[in-house]
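Peer 1: Can you look at this prediction? I've put the sequence above it.
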Amino acid sequence: MINYFAPEKPLLLANSPKNVKGDSMDAVQKGISESLTENLNVILFGPPGTGKTYELSTYYFNKFTSKKASVSREKFLRSFVADKSWWEIIALVLLDLGKCRVSDINNHELLQLKTSLSNSTTIAQTIWGQLQSHTVESCENVKVSKKGAPLIFNKTDDKLWEVVNEELAQQAPELLEYHNTVKGFNQEAVDEIRRYEFVTFHQSFTYEDFVEGIKPNFNEGENELTYKIEDGVFKKMCLKARKDPDQNYAVFIDEINRGNISQIFGELITLIEEDKREGEENALFVTLPYSKTKFSIPNNLYIIGTMNTADRSVEALDTALRRRFSFIEMPPKPHLIKSVDKTSEGVIGGIDLAVLLKVINRRIEQLMDKDHMIGHSYFMNINTVSDLKKAFQNKILPLLQEYFYGDFGKIGLILGRGFMEDVQNGLEEDVFADYPEYDSSSLIERRVLRLKDVVKMNEEEFSSAINILLRK
């Protein structure tokens, strides 16, 4: 079988990523951690249930998270303003300064940080537009007719802007909490700052969600629908990483093969190559189609994905993606199987779950390939025989039926006759309707195989079925 996941160049294993020190890791974790130094684009691939997403959430998210002592006020504020809208930042500035002019708003620390994370070249116009579109109806100094909630700003007769506190408390009370958070910043009190985003690709995920697109903007109380250009999750993270070159950032993409890669990445599929990143020898820039701004990808942004090799969408995996990513295999790890209370070394009712997993996977590999084996997670957190029966009934048997498209003969070769029910209709009665024009005698005697309802099996029947599976 051709291993189409192999990268064109050998996977370089060196030190851990910048600012990352290894903890207690198994071989796979160590391989991933080391490879992140030389490979900005990595995909973890393997059969279902091998812990790909679990690996990201429990181990690698922490690699891109700043803890208490490492968070400066500037980094905290930069992370804080990144997810806030322009009107929210303007409101926070006015809460801090009181009555002031647009120039004062523009020069404020929060507004400057928001500007640094934007590609806009018309910041002053943005401030004016946001102030006027969120002005209270009673303000006689603003004649704009199209306004949208919340209406919290006011322009005084001497041309100063302010926040109407009563309206703010009623329409956007969360801003008061934001204001207290910013004013009361204490480096030791901050829990963490995330330097990553996690997304899951699917068939409806688009370029507009990932990079940028035109999104509807319906203002409450208005009948007219307007549109605005909005940054996607990947572009936002690129802007953050560019402004903080001393730290590593990441975009984690679960089920990366389920999305339409050409559509989602668009022209950026070339820019994600390591030598095409910003600051590298062959750095490239593109003009984004909606905002018409020049864009590049910083060299401190990692793209880390997961891929289920049993998924049929793997067959259509974009060749360009395969060439630009390094692939790290995540095989089943039977040695990790333990009971819920961690007291059992994977032996339930005399059944060694690790051995059971190995036997099943060896047969699946013989009948299909290693990409369709069963992961160790199917046997994790099992504490009783009843738990094991439910795992077979709800997870393993449905998966095998999906693999073999109802070919119960092959499923029987994996599980043995203990899990199969042989229905011999012809020995009892003719089940077909009366239709003399067709000779059904051969069909009447045909044997029909079914899977047993494992949950309804008693413990003795289940143990017997397992022993048959293990050829004991």
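Peer 2: Looks like it arrived, so ask away.

Peer 1: Can you name the residues bridging to Ile43?
Peer 2: The partner list for Ile43 in beta bridges (DSSP bridges) reads Gly305, Phe327.

Peer 1: how many neighbours does it have?
Peer 2: 24 (other C-beta atoms under 10 Å). Bear in mind the C-beta positions are built from the backbone N, C-alpha and C, glycine included.

Peer 1: same question, Leu44
Peer 2: 23.

Peer 1: I'd guessed it sits against Ile304; true?
Peer 2: Yes - here Leu44 lies in contact with Ile304, judged by C-beta atoms under 8 Å, at a distance of 7.5 Å.

Peer 1: For those two, list the residues in contact with both.
Peer 2: Leu56 (C-beta atoms under 8 Å, 6 or more residues apart in numbering).

Peer 1: quick one: low-confidence ranges for the stretch 251-400 of the chain?
Peer 2: Applying pLDDT under 70 to the stretch 251-400 of the chain flags the ranges 312-318, 320, 338-345.

Peer 1: Quick check: buried residues in stretch 94-111?
Peer 2: Leu94, Leu95, Leu97, Cys100, Asp104, Ile105, Asn106, His108, Leu110, Leu111 (16 or more other C-beta atoms under 10 Å).

Peer 1: And for stretch 356-369?
Peer 2: Leu356, Leu357, Val359, Ile360, Asn361, Arg363, Ile364.

Peer 1: quick one: contacts of that stretch?
Peer 2: 1, 332, 334, 337, 372-374, 376, 378-379, 396, 403-404, 410, 413-415, 466, 469-470.

Peer 1: among these, which are in helices?
Peer 2: Among the contacts of stretch 356-369, DSSP state H puts Tyr403, Phe404, Lys410, Leu413, Ile414, Leu415, Ile466, Leu469 in helices.

Peer 1: pLDDT wise, what is the last one at?
Peer 2: With respect to pLDDT, Leu469 scores 93.

Peer 1: In this protein, where's the longest helix?
Peer 2: Longest helix in the chain, counting by DSSP H: helix 353-367.

Peer 1: and the helix or strand just after that one, what does it pack onto?
Peer 2: Toward the C-terminal end, the helix or strand that comes next after helix 353-367 (DSSP states H and E) is helix 385-391. Helix 385-391 sits against strand 347-348, helix 459-469, with contacts defined as 3 or more C-beta pairs under 8 Å, 6 or more residues apart in numbering; DSSP states H and E.

Peer 1: who are the neighbours in contact with Met330?
Peer 2: Taking C-beta under 8 Å, 6+ apart, we find Met330 in contact with Val28, Leu44, Phe45, Gly46, Thr50, Gly51, Lys52, Glu55.

Peer 1: Out of the buried residues of stretch 356-369, which comes closest to Trp161?
Peer 2: Among those, Leu357 lies closest to Trp161 (C-beta to C-beta), at 65.9 Å.

Peer 1: any idea how far the closest one is from Gln393?
Peer 2: 17 Å (C-beta to C-beta, to the nearest Å).

Peer 1: Arg101 contacts Thr156, correct?
Peer 2: No - if you go by C-beta under 8 Å, Arg101 and Thr156 don't touch, sitting 10.7 Å apart.

Peer 1: if we can go back for a sec, let me have the helices and strands packed on helix 385-391 in a markdown table, extended by mean neighbour count and distance to Asn257.
Peer 2: Output for these, formatted as a markdown table (neighbours: other C-beta atoms under 10 Å; distance: least, C-beta to C-beta, whole Å):
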| stretch | mean neighbour count | distance to Asn257 |
| --- | --- | --- |
| strand 347-348 | 16 | 34 |
| helix 459-469 | 16 | 31 |
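
Peer 1: Break this structure into its domains for me.
Peer 2: Per automatic domain parsing, the structural domains of the chain span 27-69+192-329, 73-183, 335-469.

Peer 1: gap between the two ends of the shortest one?
Peer 2: Terminal residues of domain 73-183 are spaced 11 Å apart (C-alpha to C-alpha, to the nearest Å).

Peer 1: For the stretch 201-350 of the chain, just list every one of the helices.
Peer 2: Here the stretch 201-350 of the chain has its helices, by DSSP state H, counting those that start in this stretch, at 207-210, 233-243, 261-265, 268-271, 319-324.

Peer 1: which one of these lies closest to Gln132?
Peer 2: helix 233-243 (26.0 Å).

Peer 1: Let's check: the centremost residue of the protein is which one?
Peer 2: In the chain, the centroid-proximal residue (C-alpha atoms, centre = their mean) is Val199; its distance is 3.1 Å.

Peer 1: Residues contacting the helix or strand harbouring it from elsewhere in the structure, which ones?
Peer 2: Assigned by DSSP H and E, Val199 belongs to strand 196-200. Contact with strand 196-200 is made by 56-57, 61, 64-65, 205, 210, 233-234, 236-237, 249-255, 258, as judged by C-beta under 8 Å, 6+ apart.

Peer 1: Of those residues, keep whichever come out buried.
Peer 2: Of the contacts of strand 196-200, these count as buried by 16+ other C-beta under 10 Å: 56, 61, 64, 205, 210, 233-234, 236-237, 249-255, 258.

Peer 1: just checking, which of those belong to strands?
Peer 2: Tyr249, Ala250, Val251, Phe252, Ile253, Asp254 (DSSP state E).

Peer 1: Please report how far Val431 lies from Pro331.
Peer 2: Taking C-beta to C-beta, one finds Val431 at 45 Å from Pro331.

Peer 1: Look at those two and report which has more neighbours.
Peer 2: Neighbour count, other C-beta under 10 Å: between Val431 and Pro331, Pro331 has more, with 15 against 10.

Peer 1: Touching, the more buried one and Gly49? I think so.
Peer 2: No - here Pro331 does not reach Gly49: they are 11.1 Å apart, not a contact under C-beta under 8 Å.

Peer 1: Next up, the contacts around the closest residue in space to Phe419 that isn't next to it in sequence.
Peer 2: Excluding the flanking residues, the one nearest Phe419 by C-beta to C-beta, 6 or more residues apart in numbering is Ala465, at 5.2 Å. The contact partners of Ala465, by C-beta under 8 Å, 6+ apart, come to Leu415, Gly416, Gly418, Phe419, Lys452, Met457.
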